Each structure stands twice: as structure tokens, then as C-alpha cells.
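In: Mind folding the following:
(chains A and B)
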Number of protein chains: 2
Amino acid sequence: MKIYVIGIGLIGGSIALDAKALYPDAKIFGIDNNENHLQEAIAIGVVDEGAVFEDLAKADFVIVSVPVDVALTLLPKVLDIVQDNTIVFDVGSTKIPICEAVENHPKRRNFIATHPIAGTEFSGPSAAIKGLFQGKTNIICEVEKTAFKLQEKALWLFNAAGMRIRYMDPKSHDKHIAYVSHLSHISSFMLGKTVIDKEKHEQDIFDMAGSGFESTVRLAKSSPAMWTPIFKQNKKQVVKTLEEYISNLSHFKELLENDDYDAIYNEMQSVNKIKEILNGMKK
Amino acid sequence: MKIYVIGIGLIGGSIALDAKALYPDAKIFGIDNNENHLQEAIAIGVVDEGAVFEDLAKADFVIVSVPVDVALTLLPKVLDIVQDNTIVFDVGSTKIPICEAVENHPKRRNFIATHPIAGTEFSGPSAAIKGLFQGKTNIICEVEKTAFKLQEKALWLFNAAGMRIRYMDPKSHDKHIAYVSHLSHISSFMLGKTVIDKEKHEQDIFDMAGSGFESTVRLAKSSPAMWTPIFKQNKKQVVKTLEEYISNLSHFKELLENDDYDAIYNEMQSVNKIKEILNGMKK
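Out: Reported below is the predicted structural model:
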């Protein structure tokens, strides 16, 4: 079997590592427009060897793990070149634009739109982790538009990699993911900014930062090249979540300004149930 | 040696565990107005036995680890009862009100104001961790107001527990800590609220939450009883950090509404240097 991974970063590289373990006889090829990343991926054994775009004509699997703006133009070209029995999937954090980009493609049935919700704040091939997807949710959109036999092929890989599959329409995906992923990234980036802006004048401030700050600001290490097109493609939903978040923060500030500490206590107590919700996530 | 810990939660309990290891001959007494917590602390070996307030007359060390509003009224009473060679310290996340509360006390020299920046989102005696303070910063305020011999006694314990000591005036402490700790907690609580409010109508949303959301929202599990008085006592600084944070979020939202993706990229890229700053924290 020939598996091609386009974009050998954290997600593409992690899928490559799992695929290698799950299909011992397969050859894993990497395609990346960053030649350093490709060489690094080969050197550290994330992929077996490099390949060029034209090689996709020989592929059994094509995994497209590139920034979502690149995916919009790349996916139709990938579908143009692959054979009838090839399954192509993307892993992007937005689903409406990607599903629209291939909607009328003659080989639409060779494509399955997915979003494995896994990762770290790091990027590049060295960030790839074998087993990253164990117990993680993979959202699959418009599954009915993929040929049944090719669905099976992709799902075997997803299940064998330990993913929990959930089916969802692209609109619901993009709406919900704005809350539980896109907003978290912006809250973290802007928290980092607020503190860094201050630090210009106050060098000592970071000696006072503890593990709480570190946890809250972790996502501010994420790649702007990956996240800018995500925010662009999911603009409407992201703006809405930001409005709600800013409104909640402003309300909290007003309670503080009005010395309404009972209300502040109650606000925090009602959010404490996030404990149970997060525990539920792990089940 | 007799060591008394008032308030056997995460911080008080962790200090008790370290003290026990560092002073093998000492007896560690616990005082807590939550009788269940006290019994639990004894049962799991966080303290040796329970005590009552009047026993503090026999103390060598008194550690006051209670919510900061309780500390304001409790600390003067503790100083009233202790002997001349007793060292008393608090561990609160606000320093101006606490230093003011004991400013004119005849036994002010028996007190040292500290803030060990360590912890988790959990509370109660079962949350205590031996070695919690290893490599963590402990801010000491107004050290010159503590008797030199008693400073030495406290510093031996702090150093032996692995703390990095930094001296700071209470005003600087309260200002900086608002940025690197208090604001993180509010950003996390309000992120949790924004998502929970949504979840009322959308049951499935949390299946889509990944480790990024979990990290960003971790502090929203924190205790409202501990945090409400902190926000109250540091109101002015917390309001200021919230204003700056809300302003940064609103600016980001405007950039998105205006489709200024170059500026969004640059915003995120400039915050990426938080990587180096966080790495520096660990040195």
C-alpha cells in the first residue's frame, strides 16, 4: 500500500507514524513545500521517503494536512490526479469552506472531510507523536458523499488509531468548534499579549508567573500560519463567540466595579461544573 | 519544634508535608474551621494532630493559609497570642491589605508576608502535594519589618522546600500578580462560562473539546471561596488588567471584522515569543 501525506507537521506526521504501525507493509511518502521539513521528517523516520505531487496518481491513501487556506486550492487538484480507488482526507479545523471547495468535483466520492481534534501547541515534523489520536474525537462531515468502500477504508484507519468517530454537518461543526477551540486560542493569544505589553516596562513580571498562567497561555505558542486562515474561514462564528466572551468579561468587570461579590462568587461557582464536563470528556 | 498550620488545604497542607520532611522531630498541628477537612488531613497524614486556637501560644511556627478575607482578621489575633520567638507567615495572593492589617501590631516583627506562587486548580487537604514548592517563586514583602532571627527561621524553611525567594513591596506584588495570576483566572472562568452557556442548548459541544480547551479552562475549576476575596482585595488592579484584556480582544475582533488578516497574523506572531518567556520561567 502507498500512503501519501501532504504537509508533514504535527498532525500529518502523527498520522504518518500511526499509519506506519498499522500497515506494516505500507510505504509512507511525504510531500511538503518546506524542503527542510521534508528532509527532517525522513531523517527522524516520520515518513519513509519524499515524493512529488505527480506521484499521487499511484496513491492508495492521500492525507492532506496543510493550512486550511492551502487545502481549498490543493484538494481539487489532488482529486484531479488520484485513481478511482484512492481515498483522500483532510484534517482541517474548518469544514464548510473545504466541503464547498470539492462539492461539485467529479471525484467528490473519493474524499472524506475529517477533523481529528488532537494536537499540541507545537508544529513541524518533530512535533509528531505516535498514538496522538488515541481516545480523541474525529469529526466526519458529509459522510454520505463519500463512496462506501472508501469510507470503510478511512474508518478502519481512524478506528485502528483509536479515534472516536462523530458525524456532523459542516455548519454545526464550524459553529461548535468556534466555542471549544477557536475561541480558546484567541483568549490565550490575547492574554499573552496583555501580559507581554505590560512586561515591556516591567521586566520582573514573569518571575511571578506560575503554572496557572502557563496553562492558560499555552495555546499562544500556536502557529499563526495555521491559525490565521482558520479564523478567516470561520470568521462569522468566531466573531460571535468573541462577542459573547467579551460581554461575559465586561459583565464580570462591572460586578467587580459595583462590589457585587456575591454575584462574583455565584458566577465562579456556576462555572465550576466545568470539572464534571471535563471529566466527562475523558470517558 | 511545634508547627501549626491554620487552614489545611492545598497550600497549607503542602507546606505541612514539606515541614514534616524537613524537621523530622517537629510535630505538625492542624487548625481548620472545617472539621471534616481537619479529620481528613489527620487521616491521610498531612498533619500529625488537630489543635485549637489557644494552642498557638506554644507554637514555634504558625502558617496562616486561609482565604485572604479571613487572613485580615485572623492574623492580628494570631499575633496577639504567639510568643516572642514565634514566626508567623501567611501565603495569600494579595499583599497590600494583609500588610496593612498587621502594620501597627505590637508583634509585627513576628510576621513575614509571603506568597508562594504554586498550586493546582484543586483544593482541600487531599490536594496537598509534597514538594509542591520545588523551584517555585515565593514573593516576600516588607522583609525589613520582620525580626532578623525570625526571617532566618522562615527563610531556612522556604529554601529547604526549594523555593526561589524574591523580595518585593506589596504594591508591586499586587500590581504584577493581577496580570500573571488573577487575570488568568478570570479569563478561564469566563471562557468556561461562554462555552457552558452555549452548551445548554447544544449538548454535543463538549465531545468536540480537545486538550487545548482543557488547558485554557483549567483554572475555572478553582475555588470561588478562595478567589472572590482575592478579586475584592485587588479590585483596582484586576479591573485595570480586565480593561486591557477586553480592549485587546475587541481589537482582535475588529481586525477580523475588517478582514485584516495580515494584522491578525502579526498579532499572533508577536505573542509567540511567550514561548521563550515561558521557557525562561523554568530556568
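
In: Surely A:F206 is within a strand?
Out: No. Read with DSSP: H, G, I helix; E, B strand; the rest coil, A:F206 is helix and lies in no strand.

In: chain center to stretch A:221-240: distance?
Out: Chain-centre distance of stretch A:221-240: 11 Å, with CA atoms, centre = their mean, to the nearest Å.

In: Give me the distance between the two termini of it.
Out: 24 Å (CA to CA, to the nearest Å).

In: Could you give me the buried positions within that stretch?
Out: Residues of stretch A:221-240 classed as buried by neighbour count (16 or more other CB atoms under 10 Å in any protein chain shown): A:221-224, A:226-235, A:237-240. For the C-beta atoms, the positions are set from N, CA and C on the backbone; glycine is no exception.

In: next one: stretch A:148-157
Out: A:L150, A:Q151, A:K153, A:A154, A:L155, A:L157.

In: So for it, mean pLDDT?
Out: In this model, stretch A:148-157 carries a mean pLDDT of 98.

In: same check, this time on stretch A:219-234
Out: Average pLDDT, stretch A:219-234: 96.

In: Show me the shaky parts of the stretch 151-283 of chain A.
Out: Scanning the stretch 151-283 of chain A with the threshold set as pLDDT under 70 gives A:200-204, A:280-283.

In: quick one, helices of it?
Out: A:170-177, A:183-199, A:211-216, A:224-233, A:235-257, A:261-271, A:274-281 (DSSP state H, counting those that start in this stretch).

In: highest average neighbour count across those?
Out: Of all the helices of the stretch 151-283 of chain A, helix A:183-199 carries the top mean neighbour count, a mean of 24, counting by mean count of other CB atoms under 10 Å in any protein chain shown.

In: export that one as PDB, just CAs?
Out: Output of helix A:183-199 as PDB, limited to C-alpha atoms (Å, rounded to 0.1, in the frame of the first residue of the first chain):
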ATOM      1  CA  LEU A 183     -12.100  31.000  21.000                       C
ATOM      2  CA  SER A 184      -9.700  29.300  23.400                       C
ATOM      3  CA  HIS A 185      -6.800  30.100  21.000                       C
ATOM      4  CA  ILE A 186      -7.800  33.800  20.800                       C
ATOM      5  CA  SER A 187      -8.400  34.100  24.600                       C
ATOM      6  CA  SER A 188      -4.900  32.600  25.100                       C
ATOM      7  CA  PHE A 189      -3.200  34.800  22.400                       C
ATOM      8  CA  MET A 190      -4.800  38.000  23.800                       C
ATOM      9  CA  LEU A 191      -3.900  37.000  27.400                       C
ATOM     10  CA  GLY A 192      -0.300  36.600  26.300                       C
ATOM     11  CA  LYS A 193      -0.400  40.000  24.600                       C
ATOM     12  CA  THR A 194      -1.900  41.700  27.600                       C
ATOM     13  CA  VAL A 195       0.900  40.400  29.800                       C
ATOM     14  CA  ILE A 196       3.700  40.900  27.300                       C
ATOM     15  CA  ASP A 197       2.600  44.500  26.600                       C
ATOM     16  CA  LYS A 198       3.000  45.100  30.300                       C
ATOM     17  CA  GLU A 199       6.300  43.300  30.500                       C
END
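
In: is stretch A:5-24 up against chain B anywhere?
Out: No. Using CB under 8 Å from any CB of the partner chain, stretch A:5-24 stays clear of chain B, coming no nearer than 11.8 Å.

In: CA atoms only: put that stretch into CSV for me.
Out: Taking Å, rounded to 0.1, in the frame of the first residue of the first chain, the C-alpha atoms of stretch A:5-24 are listed here in CSV:
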residue,chain,number,x,y,z
VAL,A,5,0.9,12.6,3.5
ILE,A,6,0.9,16.2,2.1
GLY,A,7,2.1,18.5,4.9
ILE,A,8,4.3,16.7,7.4
GLY,A,9,3.7,18.7,10.5
LEU,A,10,2.2,17.8,13.9
ILE,A,11,-1.0,16.3,12.6
GLY,A,12,0.2,14.9,9.2
GLY,A,13,3.3,13.5,10.9
SER,A,14,1.4,11.9,13.7
ILE,A,15,-1.0,10.2,11.2
ALA,A,16,2.1,9.0,9.2
LEU,A,17,3.5,7.4,12.4
ASP,A,18,0.2,5.7,13.2
ALA,A,19,-0.3,4.5,9.6
LYS,A,20,3.2,3.0,9.6
ALA,A,21,2.5,1.0,12.7
LEU,A,22,-1.0,-0.1,11.5
TYR,A,23,0.0,-1.0,7.9
PRO,A,24,3.4,-2.7,8.4
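
In: Would you mark the buried spots in that stretch?
Out: So, applying 16+ other CB under 10 Å, buried residues of stretch A:5-24: A:5-20, A:23.

In: if I pick the spatially closest residue to A:G119 that is not a sequence neighbour, what's in contact with it?
Out: Nearest residue to A:G119, sequence neighbours excluded (CB to CB, 6 or more residues apart in numbering or on different chains): A:L10, at 5.7 Å. By CB atoms under 8 Å, 6 or more residues apart in numbering or on different chains, the residues touching A:L10 are A:G119, A:T120, A:F122, A:S123, A:G124, A:A127, A:A128, A:I129.

In: Take those and keep only those in helices.
Out: Among the contacts of A:L10, no residue falls in helices (DSSP state H).

In: Buried among the residues you listed? Need that as a selection in PyMOL.
Out: Here is the PyMOL selection string for the buried members of the contacts of A:L10, based on 16+ other CB under 10 Å:
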select buried, chain A and resi 119+120+123+124+127+128+129
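
In: For the stretch 1-150 of chain A, which segments count as strands?
Out: For the stretch 1-150 of chain A, applying DSSP state E, counting those that start in this stretch gives strands covering A:2-6, A:27-31, A:49-50, A:61-64, A:87-90, A:111-116, A:137-141.

In: looking at those, which is closest to B:I277?
Out: Closest of the strands of the stretch 1-150 of chain A to B:I277 is strand A:111-116, at 30.0 Å (criterion: CB to CB).

In: Map the structural domains onto the sequence of chain A.
Out: A:2-169, A:173-281 (automatic domain parsing).

In: With distance to B:S93 added, can I get these in a markdown table?
Out: Formatted as a markdown table, these follow (distance: least, CB to CB, whole Å):
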| stretch | distance to B:S93 |
| --- | --- |
| domain A:2-169 | 27 |
| domain A:173-281 | 10 |
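
In: and of those domains, who's closest to B:D48?
Out: Per CB to CB, nearest to B:D48 of the domains of chain A: domain A:173-281, 28.9 Å.

In: tell me, which of the buried residues of stretch A:221-240 make contact with chain B?
Out: A:K221, A:S222, A:P224, A:W227, A:T228, A:P229, A:F231, A:K232, A:K235, A:V238, A:V239.

In: which ones are touching the third one?
Out: Contact analysis of A:P224 by CB under 8 Å, 6+ apart lists B:I264, B:Y265, B:N266, B:M268, B:Q269, B:N272.

In: any idea how far stretch A:114-125 is from the chain center?
Out: On CA atoms, centre = their mean, the centre of stretch A:114-125 falls 5 Å from that of its chain.

In: for that stretch, how far is the first residue from the last?
Out: Terminal residues of stretch A:114-125 are spaced 20 Å apart (CA to CA).

In: same thing with stretch A:228-244?
Out: Terminal residues of stretch A:228-244 lie 21 Å apart, using CA to CA.

In: Just give me how far it sits from the chain centre.
Out: How far stretch A:228-244 lies from its chain's middle: 15 Å, per CA atoms, centre = their mean.

In: Once you drop chain neighbours, what's closest to the residue most central in space within chain A?
Out: Central residue of chain A (CA atoms, centre = their mean): A:S93, 4.8 Å from the mean position. Residue nearest to A:S93 in three dimensions, not counting chain neighbours: A:I230, with 4.9 Å by CB to CB, 6+ apart.

In: can you pull the contacts of that neighbour?
Out: By CB under 8 Å, 6+ apart, A:I230 lies in contact with A:P67, A:V68, A:G92, A:S93, A:T94, A:H182.

In: Pick the one among those residues closest to A:L278.
Out: Minimum distance to A:L278 across the contacts of A:I230 is 18.5 Å, recorded for A:H182 (CB to CB).

In: No more questions from me, cheers.
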